Structure formats: structure tokens, C-alpha cells
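A.B. asks: sharing a model prediction with you, sequence too.
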Amino acid sequence: MKKIPIYNQSPEAVGGIFVAYHSAEDLAGFDDKLEAHRDDFFIFFVLTKGQAVLKCDMIDIEINPINVLMIKPLQIHHGQDGSTDAAGYYIGVAPFLIPNNCIEIFQNLKIAEQLNTIDPAYREELLDTIDLMHRSFKSSNPNRTQIINGLFNALVYNLANIYSGSKNEVKELKNQSGLIYANFKKLLSENSFLESPSYFAKKLNITTSHLNDCVKASSGKSVTYWLQNAMITEAQRLLYYTENEVKEIAFMLGFEDHTYFSRLFKKITGVTPLAFRKKFRE
């Protein structure tokens, strides 16, 4: 059975952020270079010139200048076509870096809303910020992690402003699995990720088995995965943004046994909480 590949962030990422500028030459034939896949991080494409078509979760999205397209973690996507003069920025971001008030906006967007035209009021500031991020990413400045992170904080709030004002018409086929998955993700954002799958199934008035089937059909992952993903994302944020000890973070997340939390964190991410903190703060 063929599985859709899931790609991790590039090892060249700095503090959970990867920035690249792709010229027309780089994008030539890009539809043949990468098969349909998922990424476990957010992607923002900002086209500066030309035109490109990308398929996301079975929907063709035409990107024009000056458009911004966001791809959520684990959405299936791949390039379809592009003009010979297409060029623009690619920004890959680890989910834990996006503030809660911004991630709520991004996660609730439907596919048709993930493409947006950059408002002229934000255009110059946004493009200048991205250009500075790109130049900082390529530099050898010893403080480049902190510089890139600061610039990204400015960028992500500009993007949140753009997307919160989206008026794009949504033309999507809604099925039962998709609706249940969307309602589950909304419940998950409002409730503890330490609740059991049966807790969420009861909230939705369906069986646990049916919930898991619908979530897996829509996202390729189980309910348990999404509960663990929510926990890990919050743990990563706390490790990155605070100086709290691992024991304190475990208790903040609702774990009574901090050693169990550390084992679970390593099992899911492949590194210990302290190793994660050290890696992303280098």
C-alpha cells in the first residue's frame, strides 16, 4: 500500500524557520520534482512575480503576484504548473513558533481562504520583513536565530491581519468526515489534549470508532495522534519561549509524572525536552 510521504523541516532551518527565494529557474518544472506529500510544519508562499498553480487537498489553487498562500501541517499538496517568470519566497515554520491567537486564525481557514491577496496597506512592510528574514537567514551573524525569530514575530501578525480579513468565497465539497474532523479540531482547541478520544466522541454524539475513522479519513492521522500533536506543540512552545524547567512544564501541561512526560516527548519527537530546547536556541 502506497503511503503519502510526510516530510520534516529542513535541517538547515534556523530556530524552526526556513526561508528561501525561488527564481523562475528554480521553479522550472517544479511539478515534476516533488510528488504529492505532507509536511509537518506551516508553509507560506509569497509570489513576487509570475503565476503558479498548486494542488492542495485535491483543490487547484492559482497563485498570482502579490499573493500569499498558506499550507497547514499535514495538508496534501504538490505543484501543478507555473509560468516561466514565476518567482517568490518560501517560508517554512515549525508550528510551535506561531502564537495561539494567530494559529487559531490559520487553523480555521478553509482551503479557498488559504490563498489571499496582500492588502496594499500591509504590502511594503510585509515584503520588507520577508526580505530581511531571507538576508538574515543567509548571513553568518552569530545572533541570526534571535534576529530571524524577531522578524518572524512581526511577519506572523501581519499575516494574521491579512487572513482575519479574508473575504474569499469558499467552494468546497463538505462531507460528513470533513465536518466531524473540523468539529473535533475546534473542540480540541477548546479542551485539554489530555482528555481521552471517547471524551471528544461523546461531545460530538458519535462513537469513538466513528470519530477515529472520520479523523483518519480527513487527515491521515488518528485522534490519538492529534491529541499528542497538540500536547507536543504546546510543550515545544513552553520549552522555546520560557525558562521553565522540564518538570514545571510537565505539570503545566497536566502531567503528574514529569519523567513520563519526558519519555513521551522523546518517543514522539526523537529528542529529549532539554535537547529540543538546546537545538532550537542555538
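C.D. replies: Thanks, I have it. Numbering: from 1, shown residues only.

A.B. asks: please make it C-alpha for all contacts and neighbour counts, starting now.
C.D. replies: Will do.

A.B. asks: and Gly82, what's its pLDDT?
C.D. replies: Note for Gly82: predicted pLDDT of 78.

A.B. asks: in space, what's closest to it - neighbours in sequence excluded?
C.D. replies: Nearest non-adjacent residue to Gly82, counting by CA to CA, 6 or more residues apart in numbering: Ala52, 3.9 Å away.

A.B. asks: what's the neighbour count on that neighbour?
C.D. replies: Around Ala52 sit 21 other residues, with neighbours defined as other CA atoms under 10 Å.

A.B. asks: test my guess that it contacts Asn64.
C.D. replies: Yes - between Ala52 and Asn64 there is a contact at 6.8 Å, judged by CA atoms under 8 Å.

A.B. asks: on that earlier part again, could you give the bridge partners of the residue nearest to Gly82?
C.D. replies: As for beta bridges, Ala52 partners with Ile63, Gly82 under DSSP bridges.

A.B. asks: quick check, Lys55 in a strand?
C.D. replies: Yes - checked against DSSP: H, G, I helix; E, B strand; the rest coil, Lys55 lies within a strand.

A.B. asks: what residues are up against it?
C.D. replies: With contact set as CA atoms under 8 Å, 6 or more residues apart in numbering, Lys55 has these partners: Ile61, His77, His78, Gly79, Gln80.

A.B. asks: hey, which helix is longest across this structure?
C.D. replies: helix 144-164 (DSSP state H).

A.B. asks: tell me where this structure has strands.
C.D. replies: Ranges of strands in the chain, per DSSP state E, are 6-7, 17-22, 38-39, 42-49, 52-56, 59-63, 67-71, 77-82, 87-93, 115-117.

A.B. asks: tell me the strands beside the first one, with direction?
C.D. replies: Translated: strand 6-7. Using DSSP bridges, strand 6-7 pairs in its sheet with strand 38-39 (parallel).

A.B. asks: which stretches of this protein form helices?
C.D. replies: Secondary structure of the chain (DSSP H): helices at 24-27, 30-33, 100-107, 120-138, 144-164, 176-190, 197-203, 208-219, 223-241, 246-252, 258-269, 273-281.

A.B. asks: for the last one, name the packing helices and strands.
C.D. replies: In other words, helix 273-281. helix 223-241, helix 258-269 (3 or more CA pairs under 8 Å, 6 or more residues apart in numbering; DSSP states H and E).

A.B. asks: among those helices, which comes closest to Val19?
C.D. replies: helix 223-241 (19.5 Å; CA to CA).

A.B. asks: run through who's touching the closest one.
C.D. replies: For helix 223-241, the external contacting residues (CA under 8 Å, 6+ apart) are 95-97, 188, 193-194, 197, 211-212, 215-216, 244, 246, 249-250, 253, 265, 273-274, 276-277, 280-281.

A.B. asks: brilliant, that's me finished.
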